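Just the structure for this:
(one chain, ligands or ions: 1)
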Amino acid sequence: MQKIQNFVNGEYRDPIKGDYIENIEPGTGKVFAQVPNSTQEDLDLAVEASKEAFPVWSRMAVDKRSRILHKLADLIDYNLDDLALMESRDNGKPLWLAKAVDIPRASANFRFYASAIVNFSSEAQVSEGFMVNYTRRSPVGIVGCISPWNLPLYLFSWKIAPALAMGNCVIAKPSELTPMTAFLLGKLSKDAGMPNGVLNILHGEGKSIGQAIVEHEVTKAISFTGGTATGRIVGATASQQFKKVSLELGGKNPNIIFADCDLDEAVKTSVKSSFTNQGEICLCGSRILVEDSIYDEFKARFLKECEKIVVGDPMNAKSIMGALVSEDHLNKVDSYVLLAKEEGGKVLHGGNRIAREGFYYEPTVIEGLDKNCRTNQEEIFGPVVTLNKFKNEEEAIDIANSTRYGLSCTIWTSDLKRAHRVSHAVQSGIIWVNCWLVRDLRTPFGGMKDSGIGREGGNEALRFFSEPQNVCIKL
Ligand code: TXE
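Numbering: from 1, shown residues only. Now for the predicted structure:
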């Protein structure tokens, strides 16, 4: 049984108190590793290492920092197969998906920020003959990065890459459900030439070591991705010390389909936006809103495509969906389908656990629910979508905006004016028109309302991980 370790001050270390938690493989339901359940003593070591490393890393020439991050991206590419296998075994997602998306995106995240930092500039204002003002953007110092289980290395790297590029030292905690790729990243960062103590990776439960990272006075900024309930706790803790905090939380994203859309494309992409990664992506379009004139046709075509979805062993190339991340999460998803039936919903497809070892659930489609019922209001975060119809644009926008979330929205229409009009009326931080999950890393990423605060991505993330200072010099 593999016992993974923390990565502190450039070396792998056992947890000081010797406490471990079991890591269960979703695809089999069996324990496949032991994960450190780190404590304050482990954090103290990471803090000392970060403090020691900060002067060197923050003052390192930007192009040298950039080269180290480019090298790390190369090493991720070179180790793609091993990383993808660990990602798939850890999370339950199909191996082909980890190979095609998760690991390449982790490499792309480091490469993007390795480039962005050498092109990053700040501002100066000159009042001729009177004064010069310039904004100095220095690293914040030591930052805490806490990431979730759904896209483990993808989102772990999405946080730590800009933080490192900006010259900060990082104390990072991956989800205790999916620690393996972050564990492997430690060695790769050392092989890339990153000085000891710049990146420290602590494993363990959120309520203990996660909370301790947020509470520690040395972490000056916290970047968190996870559930809205946890984000509320993290935000409240960080604000006590006036820390910078970025919260990328849950979503209950509308997928709005107008009668004038390219229906073939809308159906094909809606299957992906409903069930990719077992529906465990905060950007999934879990509420499908269809203009009533095409509702029956869309429903028939969508259900026909759902029939083709193979749910199975994540290691099998034929599996379109793998396993849900844990037994708890499987029970949560199943409880929402039971709730949907109680709320009057009709299950059109799926709606059942799959009787085999591991945590498998059928892709599930439910219609006939009111927009305000819990099933349409709460984030399920699994392979469950609801179908609703609308009469006109106003009703579509009203339903879309009827939840406390505001992360993303997809709009299917051939009417350009309508695309802009509806986009501007929907309360979501990210809008896709006639596409889904198309990403340009320069764009600000994040949500409104209960989907969080702050924006990741592009220069927004570099600014988040920097401390602006205005210097005014009288001429
Ligand atoms: O997230 P948690 P979970 C949603 C989704 C899911 C729900 C719960 O609905 O069902 O959140 O998922 C750490 N201080 N999303 O339980 O609890 C924890 O160890 C500091 C959407 O995985 O939010 C983990 O590393 N850290 C989301 C991370 O926070 C704490 C993706 C996320 O855990 C902590 C994931 C604390 N007090 C879940 N408590 C998205 N937006 O993509 C926990 N953690």
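
what's the neighbour count on residue 370?
14 (other Cβ atoms under 10 Å). Using the backbone N, CA and C atoms, a C-beta is placed for each residue, glycine as well.

for the ligand, what are the nearby residues on the stretch 351-475 of the chain?
When proximity is defined by Cβ under 6 Å from any ligand atom, the stretch 351-475 of the chain lies next to the ligand at 379, 381.

Show me the helices in the stretch 351-475 of the chain, by range?
Secondary structure of the stretch 351-475 of the chain (DSSP state H, counting those that start in this stretch): helices at 374-377, 393-400, 416-425, 458-464.

ok, and for the first one, which residues are buried?
Buried residues in helix 374-377, defined by neighbour count with 16 or more other Cβ atoms under 10 Å: 375, 376, 377.

now stretch 459-475
Buried residues in stretch 459-475 (16+ other Cβ under 10 Å): 459, 460, 461, 462, 463, 464, 465, 466, 467.

Quick one: the helices of the stretch 351-475 of the chain as a markdown table, columns for mean pLDDT too.
Formatted as a markdown table, the helices of the stretch 351-475 of the chain follow (pLDDT from 0 to 100):
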| stretch | mean pLDDT |
| --- | --- |
| helix 374-377 | 98 |
| helix 393-400 | 98 |
| helix 416-425 | 98 |
| helix 458-464 | 95 |
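
Could I get the average pLDDT for the longest helix anywhere in the chain?
Longest helix in the chain, counting residues (DSSP state H): helix 40-59. The predicted model gives helix 40-59 an average pLDDT of 98.

by contact count, what packs against it?
strand 6-8, strand 131-139, strand 142-146, strand 169-173, strand 199-201, helix 211-215 (3 or more Cβ pairs under 8 Å, 6 or more residues apart in numbering; DSSP states H and E).

Output it as PDB, nothing but the C-alphas.
The C-alpha trace of helix 40-59 is given here as PDB (Å, rounded to 0.1, in the frame of the first residue of the first chain):
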ATOM      1  CA  GLN A  40       0.000  22.300  12.600                       C
ATOM      2  CA  GLU A  41       3.500  20.800  13.100                       C
ATOM      3  CA  ASP A  42       3.700  20.100   9.400                       C
ATOM      4  CA  LEU A  43       2.400  23.500   8.500                       C
ATOM      5  CA  ASP A  44       5.000  25.100  10.800                       C
ATOM      6  CA  LEU A  45       7.700  23.300   8.700                       C
ATOM      7  CA  ALA A  46       6.200  24.600   5.500                       C
ATOM      8  CA  VAL A  47       6.000  28.100   6.900                       C
ATOM      9  CA  GLU A  48       9.700  28.100   7.900                       C
ATOM     10  CA  ALA A  49      10.700  26.700   4.500                       C
ATOM     11  CA  SER A  50       8.600  29.400   2.700                       C
ATOM     12  CA  LYS A  51      10.000  32.200   4.700                       C
ATOM     13  CA  GLU A  52      13.500  31.000   4.000                       C
ATOM     14  CA  ALA A  53      12.800  30.700   0.200                       C
ATOM     15  CA  PHE A  54      10.900  33.900  -0.300                       C
ATOM     16  CA  PRO A  55      13.800  36.400  -0.600                       C
ATOM     17  CA  VAL A  56      15.500  34.200  -3.200                       C
ATOM     18  CA  TRP A  57      12.400  33.400  -5.200                       C
ATOM     19  CA  SER A  58      10.800  36.900  -5.200                       C
ATOM     20  CA  ARG A  59      14.100  38.600  -6.200                       C
END
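
got the angle for it vs strand 169-173?
On the basis of axes from the mean of the first three to the mean of the last three Cα atoms, to 10 degrees, helix 40-59 is oriented at 140 degrees to strand 169-173.

Check which residues of helix 40-59 are buried.
So for helix 40-59, counting by 16+ other Cβ under 10 Å, buried means 42, 43, 45, 46, 47, 49, 50, 52, 53, 54, 57, 58.

Around the ligand, which positions in the stretch 51-200 of the chain sit nearby?
Contact residues (Cβ under 6 Å from any ligand atom) of the stretch 51-200 of the chain with the ligand: 146, 147, 148, 149, 150, 173, 175, 176.
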